[in-house]
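*Asks:* Output the structure for:
(one chain, ligands or ions: 1)
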Amino acid sequence: MTERIYNFSAGPAALPLPVLEQAQKDLISLGDTGIGVLEHSHRSKAFLAVYEAAESLCREIAGVPDNYKVLFLQGGASSQFYMIPMNLLSKDQTADYLVTGSWSKKAVKEAKVFGNVNIACSSEDKNFSYIPEAVSLSEKPAYVHYTSNNTIYGTEFATEPEVPAGVPLICDASSDIFSRPIDISKYGIVYAGAQKNLGPSGMALVIIRDDLIEQGPTDIPTMLQYRTHSEAGSMFNTPPTFGIYVLGQVLQWLKDQGGLEAVQQKNRAKAGKLYDYLEQSSLFKPTAAKQDRSLMNVTFVTGDADLDAQFIAQATAAGLDGLKGHRSVGGMRASIYNAFPEAGVDKLIEMMSQFEKEHA
Ligand code: PMP
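*Replies:* Modelled structure (predicted):
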């Protein structure tokens, strides 16, 4: 078998090896059923057990309160950009959006189809390199939406923004979900595309409070109503069975690692090493404001596009893949989600030190 290399991809991203090994076995036969996980009916006893395990692990790990539903929906996080306003925003209402990156902007664009949008803050003036401190909410927002981690720019909210009592807080947590403890009760909805910390792309995990499910209109397409999926336990149509299976395996792995507190410690240690190195480097510079740096996506540049390209080429050749930064930031981005091993971070720092010496 080809040896695995260090995959710094922003998503789809590295998954835990034990999960992939188990999936390999379950592809042929899920348990002793003689039928692979991709081939089981979503209504089969074997798959229902997979589904229930995934849901209950999610509830356990994140401490999801009883008045919330856990939904596994299709269309990735981007489908939530329109499903949320379609269900929760009417023409005469305003929703508040904290704009901290291009994913937030994409969410705003969809919300404008359904109602008014108040940009409560934006860090676009400095190419989204920071999280704004001042947030200016509208008088009676239908909800407040923010992106907890900005995958492209390497910034992350340290804590959730404050919202007035009764206003639902909605979080796109695609790139930092389950990377640290989360108090679900502070939110109306937390959603995430699965392909970073949860599993395969194409699926979104949506944790939604019951009253918001009931609130949505009934004269929109059935598939786009939260109540449809809530009532049918995400089985109104054929759900993303493989995605749910992998998510369940990843969450079991996460639990075995000690849960969210433990994984946060590891994430702090991994990112901390990298930022400590960047702080003292005379060649590589971090691009995100110090107090807002992400533990998941570490962005940095040399300041010289040719040198950046040279470094990326050398790193790739040495088995460190996916380090090229997003085109809107340039330079490098090391995405080090939960499953990314600390040894890969050590290897990256070693390479950077070497490169720095050669180009001093
Ligand atoms: N939000 C954030 C923060 C993201 O990083 C991404 C994908 N990189 C998305 C939303 C979109 O997710 P999807 O591709 O699953 O629609």
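
*Asks:* which neighbours does the helix or strand that contains Tyr97 have in its sheet, and in what orientation?
*Replies:* Following DSSP states H and E, the helix or strand that holds Tyr97 is strand 94-99. With DSSP bridges as the test, strand 94-99 is paired with strand 116-122 (parallel), strand 144-147 (parallel).

*Asks:* Relative to the ligand, which of those strands is closest?
*Replies:* strand 144-147 (5.1 Å; CB to the nearest ligand atom). No exception for glycine: its C-beta is placed from N, CA and C like everyone else's.

*Asks:* Other residues contacting that closest one?
*Replies:* 84, 95-98, 100-101, 103-104, 107, 111, 120, 137, 157, 160-161, 163, 167-172, 174 (CB atoms under 8 Å, 6 or more residues apart in numbering).

*Asks:* just checking: which of these also lie near the ligand?
*Replies:* Taking CB under 6 Å from any ligand atom as the test, the ligand is in contact with Trp103, Asp172, Ser174 out of the contacts of strand 144-147.

*Asks:* Identify the residue nearest the residue in the stretch 1-150 of the chain positioned nearest to the ligand in space, chain neighbours excluded?
*Replies:* Using CB to the nearest ligand atom, the closest approach of the stretch 1-150 of the chain to the ligand is made by Gly76 at 2.5 Å. Nearest in space to Gly76, with sequence neighbours left out and distances taken as CB to CB, 6 or more residues apart in numbering, is Gly193 at 4.5 Å.

*Asks:* Show me just the buried residues among the contacts of strand 144-147.
*Replies:* 84, 95-98, 100-101, 103-104, 107, 111, 120, 137, 157, 160-161, 163, 167-172, 174 (16 or more other CB atoms under 10 Å).

*Asks:* re the thing from before, return the subset of the ones next to the ligand among the contacts of strand 144-147 lying in helices.
*Replies:* Secondary structure from DSSP state H places Trp103 of those in helices.

*Asks:* So what does Gly193 have for phi and psi?
*Replies:* Phi and psi for Gly193, reported as degrees, to the nearest 10, are phi -70, psi 150.

*Asks:* Check Val167 too.
*Replies:* Dihedral angles phi and psi of Val167 (degrees, to the nearest 10) take the values phi -90, psi 120.

*Asks:* That one contacts Tyr143, doesn't it?
*Replies:* Yes. Taking CB atoms under 8 Å as the definition, Val167 is a contact partner of Tyr143 at 6.6 Å.

*Asks:* returning to what we had before: okay, now the residue of the stretch 1-150 of the chain closest to the ligand: neighbour count?
*Replies:* Gly76 has 19 neighbours, counted by other CB atoms under 10 Å.

*Asks:* thinking it is in contact with Pro200, fair?
*Replies:* No. Checked against CB under 8 Å, the pair Gly76 and Pro200 is beyond contact range at 10.3 Å.

*Asks:* what is in contact with those two at once?
*Replies:* Both Gly76 and Pro200 are contacted by Ala194, under the criterion CB under 8 Å, 6+ apart.

*Asks:* Can you pull out the low-pLDDT segments for the stretch 251-360 of the chain?
*Replies:* Per-residue confidence for the stretch 251-360 of the chain (pLDDT under 70) gives no ranges below the cut-off.

*Asks:* Next up, the contacts around Leu98.
*Replies:* Residues near Leu98 by CB under 8 Å, 6+ apart: Ser104, Ala120, Cys121, Ser122, Pro132, Val135, Val144, His145, Tyr146, Thr147, Pro161.

*Asks:* Repeat the analysis, applying 10 Å as the threshold.
*Replies:* The neighbours of Leu98, taking CB atoms under 10 Å, 6 or more residues apart in numbering as the test, are 104, 108, 119-123, 131-132, 135, 137, 144-148, 157, 161, 171.

*Asks:* Tell me how many other residues surround the residue in the stretch 101-250 of the chain that the ligand sits nearest to.
*Replies:* At 2.8 Å from the ligand, Gly193 is the closest residue in the stretch 101-250 of the chain, using CB to the nearest ligand atom. Using other CB under 10 Å, Gly193 has 28 other residues around it.

*Asks:* cool, and Glu110?
*Replies:* 19.

*Asks:* just the strands in this protein please.
*Replies:* 6-7, 68-74, 94-99, 116-122, 144-147, 149-150, 155-156, 169-172, 189-193, 203-209, 285-286, 297-301, 320-321, 332-335 (DSSP state E).

*Asks:* tell me the most buried of these?
*Replies:* Ranked by average neighbour count under the criterion mean count of other CB atoms under 10 Å, the strands of the chain are headed by strand 149-150 at a mean of 28.

*Asks:* Could I get the average pLDDT for it?
*Replies:* What strand 149-150 shows for mean pLDDT is 98.
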